[in-house]
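K.L.:
need coordinates for the following:
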Amino acid sequence: MLQTPLINFHRDSGARLVDFAGWEMPVYYEGLIKEHNYTRQHATFFDVSHMGRVEFRGDGAADLLEKLNTRRIGNMQVGQCRYSHMCREDGGILDDVIVSRLEDCFLVVCNASNREKLLGWWDRQKIGFDVTIEDKTMKTGMIAVQGPEAMETMDRFLPIDLGDLKRYHCATGRAYGADYVIARSGYTGEDGFEVIMPAHLAPTALNMLISQSAEFGRPIKPAGLGARDSLRTEAGMPLYGHELSEDWDSITAGQGWCVHLDKNFIGKETLQRVKDEGPSKTLVGFEVDSKRTPRQDAPVVNNGEQVGVITSGLASPTLGKVIAMGFVPPALSKLGTTVEIDLGRTRLPAIVVPLPFYKKPKK
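P.N.:
Numbers count the residues shown, from 1 in each chain. Okay, the predicted model is just below:
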């Protein structure tokens, strides 16, 4: 099993460790709900070093990434980050990624479960392009600092003015003897940052962040994969293997906003057809009238017949209600539509509600 540079921190902190996409990862420390609420109220850090970090270099890097991504890449300016999908010819989603343009390369961050698959696919697609692809995953560490206090703490911790860093933008710098990349992005619905640094320095940097944040009076605590999943579900953010899959396309998955059909990319013809004809199913949010939580693959039922499927479900710590996401036919996607979720021995009443379920309070 693979381990991140912070594995000793997780063990010393008493984390509950699990196998996640072949990596030994913390699912929680003090408990999912505590870590979830602390993120919403203060700030936590997540070890996301298991995610792939791959550099594309060379004169053909932009053109290759334009071909691979559903979203336009070639017009990105240095310091910009863009969420995008990479698809097969038939529109099936290979992964959702974040592409960042640095001074000397493009950086692609992908899901841990898809890294090896993508590396092979990229290698086949790069023929004819002047590009070098280098996997930096094992040479670097990556942490995400998320929550309403993330900005104040990270601004003190790093020698740059993070207030000038816009959402989905990144910057490079050097601190404590190491080069780093910091992006204002995240996966919780809160403001925050993701920082990449050399693997061997990640434990030292994390310990300094913990001790200095406590001195600032804004202690940052660790959070595991459990809270990461509950936070992203409240924020209506898709997870690969749940809302995203090779079995369907980006428009069906409700992510048509990151598909630019006025440029060429792998899968364009299929996605154009889906847009023209309309998807056969639509991703929606549900509020469930029960204390029981529907799990992935639970059938969605209307008039006694299965019409859809649940992709994610959660007893929301923030909202105090049970919520879920899932696919239904477009005719049943209207807000206020009532359905049932089949748990086998019982069916739970549910109503279609807007996504996201949670939005960060405005200051």
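K.L.:
tell me where the longest helix sits in this structure.
P.N.:
For the chain, the helix with the greatest residue count under DSSP state H is helix 202-216.
K.L.:
who does the longest strand seen in the chain pair up with?
P.N.:
Longest strand in the chain, counting residues (DSSP state E): strand 305-316. Applying DSSP bridges, strand 305-316 is found paired with strand 299-302 (antiparallel), strand 321-328 (antiparallel).
K.L.:
in TSV: these, plus distance to Leu118, mean pLDDT and mean neighbour count.
P.N.:
(Each C-beta comes from the backbone N, C-alpha and C, glycine too.) Shown next, in TSV, are the strands paired with strand 305-316 (distance: least, CB to CB, whole Å; pLDDT from 0 to 100; neighbours: other CB atoms under 10 Å):
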stretch	distance to Leu118	mean pLDDT	mean neighbour count
strand 299-302	31	98	18
strand 321-328	25	98	23
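K.L.:
could you export these as TSV, including distance to Pro159?
P.N.:
Listed next are the strands paired with strand 305-316 as TSV, based on distance: least, CB to CB, whole Å:
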stretch	distance to Pro159
strand 299-302	51
strand 321-328	40
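K.L.:
right, and these - which one's nearest Asp229?
P.N.:
Closest of the strands paired with strand 305-316 to Asp229 is strand 321-328, at 12.0 Å (criterion: CB to CB).
K.L.:
convert the C-alpha atoms of that closest one to PDB, please.
P.N.:
Extracted in PDB, the C-alpha atoms of strand 321-328 (Å, rounded to 0.1, in the frame of the first residue of the first chain):
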ATOM      1  CA  LYS A 321     -31.200  16.900   7.700                       C
ATOM      2  CA  VAL A 322     -30.600  13.900   5.400                       C
ATOM      3  CA  ILE A 323     -29.500  14.900   1.900                       C
ATOM      4  CA  ALA A 324     -28.600  12.900  -1.200                       C
ATOM      5  CA  MET A 325     -27.600  13.300  -4.900                       C
ATOM      6  CA  GLY A 326     -28.700  11.000  -7.700                       C
ATOM      7  CA  PHE A 327     -29.800  10.600 -11.200                       C
ATOM      8  CA  VAL A 328     -33.400  10.800 -12.400                       C
END
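K.L.:
any idea which helix or strand comes after it?
P.N.:
strand 338-342 (DSSP states H and E).
K.L.:
between strand 305-316 and that following strand, find me the angle.
P.N.:
80 degrees (axes from the mean of the first three to the mean of the last three CA atoms, to 10 degrees).
K.L.:
for strand 338-342, C-alpha coordinates in CSV please.
P.N.:
The C-alpha atoms that make up strand 338-342 are tabulated as CSV, following Å, rounded to 0.1, in the frame of the first residue of the first chain:
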residue,chain,number,x,y,z
THR,A,338,-41.5,14.0,-4.9
VAL,A,339,-40.0,10.5,-5.2
GLU,A,340,-39.1,7.6,-2.9
ILE,A,341,-35.7,6.0,-2.2
ASP,A,342,-35.8,2.3,-1.9
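K.L.:
got the buried residues for the longest strand of the chain?
P.N.:
307-316 (16 or more other CB atoms under 10 Å).
K.L.:
what kind of secondary structure is Met142 in?
P.N.:
Put simply, Met142 is strand when judged by DSSP: H, G, I helix; E, B strand; the rest coil.
K.L.:
my guess is it contacts Ser49. True?
P.N.:
Yes. Using CB atoms under 8 Å, Met142 is in contact with Ser49, at 4.9 Å.
K.L.:
so who does Phe106 touch?
P.N.:
55-57, 61-62, 65, 73, 76, 99-100 (CB atoms under 8 Å, 6 or more residues apart in numbering).
K.L.:
go again with 6 Å.
P.N.:
The contact partners of Phe106, by CB atoms under 6 Å, 6 or more residues apart in numbering, come to 56, 61, 65, 99.
K.L.:
got the phi and psi for the last one?
P.N.:
This means Val99. The phi and psi values for Val99, taken as degrees, to the nearest 10, are phi -100, psi 130.
K.L.:
with only the CA atoms kept, save the longest helix of the chain in PDB.
P.N.:
C-alpha atoms of helix 202-216 as PDB (Å, rounded to 0.1, in the frame of the first residue of the first chain):
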ATOM      1  CA  ALA A 202       6.000  18.100   4.100                       C
ATOM      2  CA  PRO A 203       6.100  16.800   7.700                       C
ATOM      3  CA  THR A 204       8.200  19.800   8.900                       C
ATOM      4  CA  ALA A 205       6.000  22.300   7.100                       C
ATOM      5  CA  LEU A 206       2.900  20.800   8.600                       C
ATOM      6  CA  ASN A 207       4.300  20.800  12.100                       C
ATOM      7  CA  MET A 208       5.200  24.500  11.700                       C
ATOM      8  CA  LEU A 209       1.700  25.300  10.400                       C
ATOM      9  CA  ILE A 210       0.100  23.600  13.300                       C
ATOM     10  CA  SER A 211       2.300  25.300  15.900                       C
ATOM     11  CA  GLN A 212       2.200  28.700  14.300                       C
ATOM     12  CA  SER A 213      -1.600  28.600  13.800                       C
ATOM     13  CA  ALA A 214      -2.000  27.900  17.500                       C
ATOM     14  CA  GLU A 215       0.300  30.800  18.300                       C
ATOM     15  CA  PHE A 216      -1.900  33.000  16.100                       C
END
